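A.B. asks: Any chance you could fold what I've pasted below:
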Amino acid sequence: MAKIPKKLENMQIDKKDIEIIKILEEDSRMSILELGRKVKLSHETVRYRINKLVKKGIIEKFTVSVNKNKLGFNNDIDVELYAEGMGRFLEISDGLS
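C.D. replies: The predicted structure is shown next:
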């Protein structure tokens with residue numbers, strides 16, 4: 001495992017904390033019980049360490065990544081544009097592209 005930077009040593013962060021963080025980055029929904037098994041610590045100790053990391057601001061939030069395409073959202077936008085005269089229309093459409 002990589003060496004712990006000096007800044008983190010001063011915050012009393014150890015290799016187990018780093019291991020917990022890495023696992024949570026991959027799967028923030030993992031139960032504390034399962035996380036404890038993976039890092040070979042009791043679930044009470046893991047809960048304590050996570051709370052410590054949150055209080056120190058090292059863990060800012062637990063989040064989820066959503067695949068918007070699977071929900072039917074895409075990045076395409078349909079726009080209707082009305083302009084007086086073709087010259088103005090071309091000027092506006094060039095500005096949008």
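
A.B. asks: For the rest of this, base every contact and every neighbour count on C-alpha atoms.
C.D. replies: OK.

A.B. asks: This protein: helices as residue ranges?
C.D. replies: 6-10, 15-26, 32-39, 43-55, 86-96 (DSSP state H).

A.B. asks: quick one, the second one and helix 32-39 angle?
C.D. replies: Calculated by axes from the mean of the first three to the mean of the last three C-alpha atoms, to 10 degrees, helix 15-26 forms an angle of 120 degrees with helix 32-39.

A.B. asks: repeat for the fourth one
C.D. replies: Interaxial angle of helix 43-55 relative to helix 32-39 (the same axes, to 10 degrees): 100 degrees.

A.B. asks: Go through helix 43-55 and flag the buried ones.
C.D. replies: Across helix 43-55, burial judged by 16 or more other C-alpha atoms under 10 Å covers 43, 46, 49, 50, 52, 53.

A.B. asks: possible to save those as JSON lines with distance to residue 12?
C.D. replies: As requested, the buried residues of helix 43-55 are exported to JSON lines (distance: C-alpha to C-alpha, whole Å):
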{"residue": "43", "distance to residue 12": "20"}
{"residue": "46", "distance to residue 12": "15"}
{"residue": "49", "distance to residue 12": "11"}
{"residue": "50", "distance to residue 12": "13"}
{"residue": "52", "distance to residue 12": "10"}
{"residue": "53", "distance to residue 12": "10"}
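
A.B. asks: and which of these is nearest to residue 67?
C.D. replies: Distance to residue 67 across the buried residues of helix 43-55 (C-alpha to C-alpha) is lowest for residue 50, with 26.9 Å.

A.B. asks: what's that closest one in contact with, if anything?
C.D. replies: 17, 20, 59 (C-alpha atoms under 8 Å, 6 or more residues apart in numbering).

A.B. asks: Which among those count as buried?
C.D. replies: Taking 16+ other C-alpha under 10 Å as the criterion, what is buried in the contacts of residue 50 is 17, 20.
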